[in-house]
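> okay, sequence plus prediction incoming.
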Amino acid sequence: MAKPELSLSLQFADASHREHLPRHKVMRWIRAALEAPAELTVRIVGAEEGQVLNRDYRQKDYATNVLTFDYAHEPVVVADLIICAPVVAKEARAERKTLEAHYAHLLVHGTLHAQGYDHEADDEAEVMEARETEVMLALGFKDPYRR
């Protein structure tokens, strides 16, 4: 089965991890989680921009790892994924993961959010985490939820 079409804008406001995010890998990771054609922007940001966006849009005054702004789910998924490089680095160290593995997981996670997946309720979290695990294993990474 062919993967859905993907139009990707990859932006680096914080380029500290640029070598870990080559366009072809970012495309592969996102496509693995896509269930419909998509137009996505992925923006890698620093702590300040990450904190401002999380505060202004989620009323949480700290930088988080990934924010998904989804604008349409069909017929084309349209969304912005904002990933905070310093948070990714801190989490990867704490979880003893490579930067590549953690970025791949956050891109899969954000892509699923862009398509309407959520994890606020336990039943939603089970479905989303199962899908994330399936995608990550298919990509050759470890289960992101297994410690």
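Cool, got the structure.

> quick check, residue 110 in a helix?
Yes. Under DSSP: H, G, I helix; E, B strand; the rest coil, residue 110 falls within a helix.

> what's near enough to touch the spatially closest residue to it that is not a sequence neighbour?
Spatial nearest neighbour of residue 110, excluding adjacent residues (CB to CB, 6 or more residues apart in numbering): residue 81 at 4.0 Å. Quick note: C-beta positions are derived from backbone N, CA and C, even for glycine. Contact analysis of residue 81 by CB atoms under 8 Å, 6 or more residues apart in numbering lists 40-43, 66-69, 107, 110-111, 114.

> wait, isn't residue 67 in contact with residue 60?
No. Counting by CB atoms under 8 Å, residue 67 sits too far from residue 60 to count as a contact (10.0 Å).

> what residues are shared contacts of these two?
In contact with both residue 67 and residue 60: residue 54, using CB under 8 Å, 6+ apart.

> between the two, which one's more packed in?
Legend: neighbour count by other CB atoms under 10 Å for residue 67 and residue 60, higher for residue 67 (21 against 12).

> which strands border the host helix or strand of the more buried one, and is each parallel or antiparallel?
Assigned by DSSP states H and E, residue 67 belongs to strand 66-72. Under the criterion DSSP bridges, strand 66-72 sits next to strand 77-84 (antiparallel) in its sheet.

> now the angle from the helix or strand residue 27 falls within to strand 77-84?
Assigned by DSSP H and E, residue 27 belongs to helix 23-33. With axes from the mean of the first three to the mean of the last three CA atoms, to 10 degrees applied, the angle from helix 23-33 to strand 77-84 works out at 120 degrees.
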